[in-house]
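1. sequence first, then the predicted structure:
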Amino acid sequence: MFFYLYLAFTIFWTFYMTVENYFFVRPQGRPYFIGFLITHLILAPLSFSLSVTGGVLLDRLLAAYGAAFKEQEDFQKSGRKKLIG
């Protein structure tokens, strides 16, 4: 059971990092394919924890949380909504 969960997690994480690296990183900064697979398939928990604590995923989460918080504040400042009609 744990093996299938780990396998699903590593496949999802590797796919996410592939999209992240090959669409948002300059071609000169992309890792070699074999090293990329070793890092993200075998060392997926380490890769995930590094990304959450100081990598791209942390930046994405903070940007999404900040945008949602600002939108909530703007909604509360706008007062009561009135229906037209």
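-> All right, it came through fine.
2. flag every buried residue along stretch 56-74.
-> Along stretch 56-74, these residues count as buried under the neighbour rule (16 or more other C-beta atoms under 10 Å): L57. Heads up, the C-betas are built off the backbone N, CA and C, glycines and all.
3. what about the helices in the protein?
-> Counting by DSSP state H, the chain has helices at residues 2-24, 33-37, 44-54, 56-77.
4. need these in a markdown table (columns: distance to I84).
-> Shown next, in a markdown table, are the helices of the chain (distance: least, C-beta to C-beta, whole Å):
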| stretch | distance to I84 |
| --- | --- |
| helix 2-24 | 42 |
| helix 33-37 | 54 |
| helix 44-54 | 45 |
| helix 56-77 | 18 |
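5. in TSV: these, plus mean pLDDT.
-> What follows is the helices of the chain, written out as TSV (pLDDT from 0 to 100):
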stretch	mean pLDDT
helix 2-24	81
helix 33-37	77
helix 44-54	78
helix 56-77	85
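6. which non-adjacent residue is nearest the residue positioned nearest the centre of the chain?
-> By C-alpha atoms, centre = their mean, the chain has its centre lying nearest to L57, at 3.9 Å. Spatial nearest neighbour of L57, excluding adjacent residues (C-beta to C-beta, 6 or more residues apart in numbering): S51 at 4.1 Å.
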